[in-house]
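S.K.: coordinates only, sequence not included:
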């Protein structure tokens, strides 16, 4: 059906579409091959990029695919189904539609005549993530992430300019910051300290080309230098550094008053991403102050263990330190508890 563009409503997207130059060129050459979808009330349901393209081309009217049914819940289902077929689920428009769909289901599904019907569930029950996942044949985890994204953008509209995975990362980091505020500093002093600082990355996380940054709050070099280590006068420090932060690692040792002794290299057995060269190693600077007691035998400067999740250190490292170093041990910025070590960190 041919309809004037001026009659179409709800044409504005919740996020920037980016360049549509190629799309406009294609429409100029071959026309609008796939009609834009609207409902009976002239509300745009699918094809916002195409609509924007023909509008910028100066079109006054176009052929539209008009859905016979309408209603808020039906509209949400159409928008979700359309986006699921052509975009990742973390797209903000899909996330918002899933969130609205859940809200509508929990309030009671409206009939297309405008009257509300009572919900099929009891008033005490809610339409869950699992229910939505079944409706659209997608995973409950994906639905949960999408709803988290939509809620975050409702609370902080400025997040709408980010990609879905960037929003999820920020949500996680904010939660960790709240946990960190509640942490109590270690009590007592230690003979051995393993320190894995949350180094500040030189680029912002982006799921398309900068995925090597961590999903946790980071600290500037100055703040790391100001950490008050609970170290005894005779102490061994194991300082983890990434390949591009080795220089900063030596600066931290100097600020802490430790003397560099050697460098331990972890071969992760599988390569990851990286700048210039792809990373397969990580390093730990061994340093001392005073005269710590150590059981030196045949330990070498390399350990091998397949890497797992981001920033998690290998179990063989902790076994090496446990065998080599004598005394009370602290794992500072720990991700999990290890035998023989006290742990300080927001994920423990």
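M.R.: Yep, it's here. The structure presented is a predicted model; accordingly, all values stated were derived computationally and were not measured. Numbers count the residues shown, from 1 in each chain.

S.K.: got a pLDDT number for the closest residue to residue 59 other than its chain neighbours?
M.R.: Computed as C-beta to C-beta, 6 or more residues apart in numbering, the closest residue to residue 59 that is not its neighbour in sequence is residue 5, at 6.2 Å. Any C-beta I mention is one placed from the backbone N, CA and C, and that applies to glycine too. For residue 5, the model assigns a pLDDT of 91.

S.K.: list the contacts of residue 5.
M.R.: Applying C-beta atoms under 8 Å, 6 or more residues apart in numbering to residue 5 gives the contacts 51, 54, 55, 59, 60, 61, 62.

S.K.: could you do residue 240 as well?
M.R.: Counting by C-beta under 8 Å, 6+ apart, residue 240 touches 194, 195, 196, 197, 282, 283, 284, 285, 313.

S.K.: helix or strand: which one has it?
M.R.: Using DSSP states H and E, residue 240 sits in strand 231-241.

S.K.: report the angle between the axes of the helix or strand following that strand and strand 231-241?
M.R.: Downstream of strand 231-241, the first helix or strand assigned by DSSP H and E is helix 246-256. Interaxial angle, helix 246-256 versus strand 231-241 (axes from the mean of the first three to the mean of the last three C-alpha atoms, to 10 degrees): 170 degrees.

S.K.: against which helices or strands is helix 246-256 packed?
M.R.: Judged by 3 or more C-beta pairs under 8 Å, 6 or more residues apart in numbering; DSSP states H and E, helix 246-256 is in contact with helix 221-225, strand 231-241, strand 259-267, strand 281-289.

S.K.: give me the pLDDT for residue 158.
M.R.: Residue 158 is given a pLDDT of 81.

S.K.: am I right that it sits in a strand?
M.R.: No. Assignment of residue 158 by DSSP: H, G, I helix; E, B strand; the rest coil gives helix, placing it outside any strand.

S.K.: circling back to that earlier point, tell me which of the contacts of residue 5 is nearest to residue 330?
M.R.: Distance to residue 330 across the contacts of residue 5 (C-beta to C-beta) is lowest for residue 51, with 59.6 Å.

S.K.: quick check: next helix or strand after the helix or strand harbouring that closest one?
M.R.: Under the criterion of DSSP H and E, residue 51 resides in helix 48-56. For helix 48-56, the following helix or strand on the C-terminal side (DSSP H and E) is strand 61-66.

S.K.: buried residues, that next one. List them.
M.R.: Going by neighbour count (16 or more other C-beta atoms under 10 Å), the buried part of strand 61-66 is 62, 64.

S.K.: which other residues reach that strand?
M.R.: 1-5, 8, 32, 35-40, 54.

S.K.: what separates that strand from the chain centre, distance-wise?
M.R.: Its chain's average C-alpha position is 39 Å from that of strand 61-66, according to C-alpha atoms, centre = their mean, to the nearest Å.

S.K.: next, the angle helix 48-56 makes with it.
M.R.: Between strand 61-66 and helix 48-56, the angle comes out at 160 degrees (the same axes, to 10 degrees).

S.K.: neighbouring strands of strand 61-66 in the sheet, and parallel or not?
M.R.: Note on strand 61-66: by DSSP bridges, its sheet partners are strand 2-4 (antiparallel), strand 36-38 (parallel).

S.K.: one step back: and residue 329, which of the helices and strands packed on helix 246-256 is closest to it?
M.R.: strand 231-241 (9.1 Å).
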